[in-house]
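> Provided below are the primary sequence and the corresponding predicted coordinates.
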Amino acid sequence: MSSSKSNKIVKLESSDNKTFEVEEAVAVQSETLKNMVDDGCANDTIPLPNVNGKILEMVLGWCKKHVDETVTGDELNKYEADFLDLDQADLYGLLMAANFLNVKGLLDRVLQRVADMIKGKKPEEIRRIFNIKNDFTPEEEEEIRLENAWAFD
Amino acid sequence: MDGIGESSESAPGVPSSQLKSNGSFREGDRSPKQVSPLRGGGSRNTSPLGRVGSRNTSPSRQKVIKTKPRGFDEERVATFVKAAHPDVQMEDSIWAMLPEDLLNEILARVPPFMIFRLHSVCKRWNSILQDISFLKFHSQVSSHGPCLLTFWKNSQIPQCSVFSLPLKTWYKIPFTFLPQWAFWLVGSSGGLVCFSGLDGLAFKTLVCNPLTQTWRTLPIMHYNQQRQLIMVVDRTDRSFKVIATSDIYGDRSLPTEVYDSKLNSWSLHQVMPAVNLCSSKMAYCDSKLYLETLSPLGLMMYRMDASYWEHIPAKFPRSLLDGYLVAGTQKRLFLVGRIGLYSTLQSMRIWELDHAKVIWVEISRMPPKHFRALLRLSAERFECFGQDNLICFTSWNQGKGLLYDVDKKVWSWIAGCALQSYNSQVCFYEPRFDASIY
């Protein structure tokens, strides 16, 4: 997406009252913000009560990197790979923010990262992580395990 | 890979005495029951060639092997060791509040074969495959493959093994649902797999989705003959077509027939202009079906929208020994085969059709060391097929697989298990839950 020639600045305020100013071209990487800009609601500071300052800064950093025309494809790949080297709390926050702000590329990456983290896990672990109650009887569970045994390596 | 070096010349079906397997070749055993010699141990971990019986579970570099077959590149084997899943600790206090739609989006990105493990988590996850939201997200993921599907019959019982290239793992899918008459693997497209066979005197076809274990016999064609078939799925249109061209002996002129899943019927199309002998390989791309005629050697194209056969006057390379047509992405069409009549001077090459100039342009050559490893004798048979700019070579006698990535220009061996024997058929496959047989 080529940077727009307008030097319009978009002002954002995080849940913990930190303000960020970014170029419109950077902000519209977020579909949510893009809609606001298109609807003319982006003239004043936009409050983002679901996103804290630390996470918002990360998201905006991602967006900035993606409009920067001097960044090469390889550099961008490395950036994206390193970007998700986060602790659990930040990763979760990033997921929620990318979803709320609808930053497609970032959201896709984070979702894939979480998928990669859970794919090797045993059912007991999955239940613990996502706080899911096991509503199977031991017999039912064993039956299902046998049915799907071919998929285990 | 089978035990090259010592007894690799053993005929398929004769278990090599040096193999150490963890049990007899029984039903239910995890490793695919190929007739040709298997890797030792029965596990899916790659073992260095010649070191039969060792179970190398390390994802790092393979040990140096003592008996190295001529031309084999051990470096390439090392890259295909089964992927280790790094275990990342996840804290429940953080993830427990994850909204359901995001959870579905995450699950949609888990490789399809690994979804089956999650069935025992809870009742809702057990029925995730019926969850509309999950299926919607799953269908939006552009690719869940590529995988290699191998089909064979073990004394009338259908067997199917799928090698997932992203996961570098073999899965033996239960295939008992397949009717007895299903014998030939026609191919796979968009998550569906097509089979054909003779049910008494009737030549029948069926489509199935191995993951959902659903299947359906298609209506009988107008001309009940054993014919060359190809199946193509249109994911955006949510439909598929099966195209029947010449009969397999190539001596009858039959009208081309096209099955359209939207109409659930076969329609008659133009008869191919009289040519003798068509090769069994067809390639479909950009709404055009390409077929190679062997005598005379030429290229025929069938336009699906205009419904007529056309001869493409692209000159074939001289001294071409075999010509496999492989469809790539979008409009790309490849020709693969050996050049050179004398075994010492042979080379395997890949050409791409320049549609504008109507000529075959050579784009790659198989490195000689790979060629020698793949085909030890010039008369050896091999299969070649492809999908999405990946071309796979499998050697009949040796059960090996060599993969060429056209975009990345990388050659790599597929190791871990025998891929093909004289009675197995292989094709590319993409596991998809949303592939519908209707």
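That came through fine.
> contacts, neighbours, all on C-alpha from now
OK.
> And the strands in the stretch 301-438 of chain B?
Secondary structure of the stretch 301-438 of chain B (DSSP state E, counting those that start in this stretch): strands at B:308-312, B:324-327, B:333-339, B:347-354, B:359-365, B:382-387, B:390-395, B:400-405, B:410-414, B:424-429.
> packing partners for the shortest one?
The reference is to strand B:324-327. Applying 3 or more C-alpha pairs under 8 Å, 6 or more residues apart in numbering or on different chains; DSSP states H and E, one finds that strand B:324-327 makes contact with strand B:276-285, strand B:288-295, strand B:333-339, strand B:382-387.
> Chain A: which of the ones you listed is closest?
strand B:382-387 (24.1 Å; C-alpha to the nearest C-alpha).
> Can you list the buried residues in that closest one?
Buried residues in strand B:382-387, counted by 16 or more other C-alpha atoms under 10 Å in any protein chain shown: B:382, B:384-387.
> Sheet partners, orientation included, of that strand?
Strand pairing for strand B:382-387, using DSSP bridges, gives strand B:390-395 (antiparallel).
> sorry, back to before: which of the helices and strands packed on strand B:324-327 has the highest mean neighbour count?
Neighbour counts (mean count of other C-alpha atoms under 10 Å in any protein chain shown) averaged over each of those peak at strand B:333-339, with a mean of 22.
> which other helices and strands contact that strand?
Right, strand B:333-339 is packed against strand B:324-327, strand B:347-354 by 3+ C-alpha pairs under 8 Å, 6+ apart.
> quick one: strands adjacent to the shortest one?
The strands beside strand B:324-327 in its sheet (DSSP bridges) come out as strand B:333-339 (antiparallel).
> Low-confidence ranges, the chain, go.
You didn't pick a chain, so chain A it is. Across chain A, residues meeting the criterion (pLDDT under 70) sit at A:1-6, A:153.
> wait, I meant chain B there
B:1-87, B:92, B:250-251, B:274-280, B:343, B:377-379, B:396-399, B:415-422.
> mind listing what the closest residue to chain A within the stretch 301-438 of chain B touches?
Going by C-alpha to the nearest C-alpha, chain A is nearest to B:Pro431 of the stretch 301-438 of chain B, at 12.8 Å. By C-alpha atoms under 8 Å, 6 or more residues apart in numbering or on different chains, the contact set of B:Pro431 is B:112-113, B:144-145, B:147, B:191, B:210-211.
> what's the neighbour count on B:Tyr302?
Applying the criterion other C-alpha atoms under 10 Å in any protein chain shown, we find 22 residues in the vicinity of B:Tyr302.
> Restrict stretch B:389-403 to CA atoms and write it as PDB.
The C-alpha trace of stretch B:389-403 is given here as PDB (Å, rounded to 0.1, in the frame of the first residue of the first chain):
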ATOM      1  CA  ASN B 389       4.600 -25.700  -8.800                       C
ATOM      2  CA  LEU B 390       5.900 -28.700  -6.900                       C
ATOM      3  CA  ILE B 391       7.000 -31.700  -9.100                       C
ATOM      4  CA  CYS B 392       7.400 -35.100  -7.500                       C
ATOM      5  CA  PHE B 393       9.400 -38.000  -9.000                       C
ATOM      6  CA  THR B 394       8.900 -41.400  -7.500                       C
ATOM      7  CA  SER B 395      10.900 -44.400  -8.600                       C
ATOM      8  CA  TRP B 396       8.900 -47.600  -8.900                       C
ATOM      9  CA  ASN B 397      11.600 -50.100  -7.900                       C
ATOM     10  CA  GLN B 398      13.100 -48.200  -5.100                       C
ATOM     11  CA  GLY B 399      10.100 -46.400  -3.500                       C
ATOM     12  CA  LYS B 400      12.000 -43.100  -3.300                       C
ATOM     13  CA  GLY B 401      10.600 -39.700  -3.800                       C
ATOM     14  CA  LEU B 402      12.300 -36.600  -5.100                       C
ATOM     15  CA  LEU B 403      10.700 -33.200  -4.900                       C
END
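> Spell out which residues of the stretch 51-200 of chain B are next to chain A.
Residues of the stretch 51-200 of chain B lying near chain A by C-alpha under 8 Å from any C-alpha of the partner chain: B:85-88, B:90-98, B:105-107, B:109-111, B:113-123, B:169, B:171-174.
> swap the cut-off to 7 Å and go again
Counting by C-alpha under 7 Å from any C-alpha of the partner chain, the residues of the stretch 51-200 of chain B close to chain A are B:85, B:88, B:90-92, B:94-96, B:106-107, B:109-110, B:113-114, B:116-118, B:120-123, B:171-173.
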